[in-house]
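> Have a look at this prediction, sequence included:
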Amino acid sequence: MKITQIHLHHLSATLPEPIGNAKVFFDRRDTLLVEIVGSGMSGWGETWALPAAAASLIQTHLAPLVLGQDPQHVRRLWQDMTRVFETRSGVAMMAIAAVDMALHDLAAREREIPLHALLGGARRSSVPTYASGPFFKPNGHPYRDFEPELEGYLSQGFRSIKLRSGFNPADDAKAALLARSMIGDEADLMIDFNQSTTPRNAIRTHDLLKDARPLWIEEPTIPTDLNGYRQVAAHISTAIAGGETFASAADFLPFLEAGVMDVLQPDIAICAGLTGVSQVAVLADLFNRPLIPHVWGSIVNFQAALHLTATLPPHRAGGVTPFPYMEFDVGPNPLLDLAGRPAVGAGSVLAVPEGPGLGIELDRRMLEPYLVHSTTLDPS
């Protein structure tokens, strides 16, 4: 097979109302879907953070390297793409992530195998999942719909919950303690500050909510603040998670060497794709840390993370459920519904797909309600 076309689809879905976290609110979901075509088959990839900028880099820098190539040569093509840029950071790695993801999907489809087989083989037929929510809401108290939304997640079959935090220590602690009372002792509770606070404030909040027994606290300061992570790690015994904004495995290394990051959370759509995250997985093994992918965007990144998580080694890190976990963004998101929203099964698990590639079937008609702009790239 030779790659004959690349289609770039910029999607935007307006939400019923703004949602967010202690740092930012948003009223729409945006992403870039990359469709790579060969022999009448399509492979799909995604990057969601800076869709227009990533599309520009794919068009000018990456498409010439990929068009006409064999999608089975995924690692060689990834190396060629990374060498185009002077540094492995930022939007360049996001663009590579989307192309790399699509190449993996197409290569697996050509072989008529699921993506997890291409990645080395699934260790499990289902993956434990947790609900990532509720989201804060503007124009009022951000926790105002907290209890009914938690009840809704539990009614959908979720057991474990990851809360948004960082509003203020007293209200954050009250919400965490309420959540623990609702989910009970046989479930895990995680706390995500979303980079919104300072190390001292994160420590203070943790002290107030520690009776909620959080499995981890996430991003207690800005991602580059290594000294801040050191400060938090020196004052709390709860595991610290982070890395969702990191663009390469190298970004994780200083935090691992300092012993201040216990759960690694690369996002496949940010961290140079499945090939890039495979390098983070090697570091996780070397430092004996669990890897829990950060999951955001559309059904494409979700499915890629599900396949990857199915291949990860088990890791007992102190929670009720042995790792790995799969993050499920439970906020309003039409882009997660493009091929039907994944169903949570009994025991709060997601079934690992067995169909070819990502295990979903997309076509351009599904994208039309959300399509902002589409570009076709070919060798001509």
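Right, received. Where do you want to start?
> all helices in the stretch 201-350 of the chain, in order from the N-terminus.
When assigned using DSSP state H, counting those that start in this stretch, the helices of the stretch 201-350 of the chain occupy the ranges 226-235, 249-257, 273-286, 299-311.
> Now do the shortest one, average pLDDT.
Within the predicted structure, the mean pLDDT of helix 249-257 is 98.
> Mind listing what's buried along that helix?
Neighbour-count burial for helix 249-257 flags 249, 251, 252, 255, 256 (criterion: 16 or more other C-beta atoms under 10 Å). Quick note: C-beta positions are derived from backbone N, CA and C, even for glycine.
> Turn those residues into a markdown table, including distance to residue 326.
Below are the buried residues of helix 249-257 laid out as a markdown table (distance: C-beta to C-beta, whole Å):
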| residue | distance to residue 326 |
| --- | --- |
| 249 | 21 |
| 251 | 22 |
| 252 | 20 |
| 255 | 23 |
| 256 | 22 |
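> Could you find which two of those are furthest from each other?
The widest separation within the buried residues of helix 249-257, taken as C-beta to C-beta, falls between 249 and 255 and amounts to 11.5 Å.
> Now do the strand ranked longest in the chain: distance to the chain's middle.
Longest strand of the chain, by residue count under DSSP state E: strand 5-20. Offset of strand 5-20 from its chain centre (C-alpha atoms, centre = their mean, to the nearest Å): 16 Å.
> who does that strand touch, helix- and strand-wise?
strand 25-38, helix 51-57, helix 364-367, strand 371-377 (3 or more C-beta pairs under 8 Å, 6 or more residues apart in numbering; DSSP states H and E).
> quick one, which of these is nearest to residue 87?
Residue 87 lies closest to helix 51-57 among those, at 13.2 Å (C-beta to C-beta).
> average pLDDT across that closest one?
For helix 51-57, the mean pLDDT works out to 98.
> list the contacts for residue 271?
Going by C-beta atoms under 8 Å, 6 or more residues apart in numbering, residue 271 touches 93, 97, 243, 246, 247, 248, 249, 277, 280.
> In CSV: the helices and strands packed on strand 5-20, plus mean neighbour count.
Output for the helices and strands packed on strand 5-20, formatted as CSV (neighbours: other C-beta atoms under 10 Å):
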stretch, mean neighbour count
strand 25-38, 22
helix 51-57, 21
helix 364-367, 14
strand 371-377, 14
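> what's the closest of the ones you listed to residue 228?
strand 25-38 (23.9 Å).
> on that earlier part again, for the longest strand of the chain, what is the average pLDDT?
Averaged across strand 5-20, the pLDDT comes to 97.
> How is the chain divided into domains?
Domains of the chain are assigned by automatic domain parsing as 5-112+364-377, 117-351.
> Can you check the distance spanned by the shortest one, start to finish?
With C-alpha to C-alpha, to the nearest Å as the measure, the first residue of domain 5-112+364-377 is 6 Å from its last.
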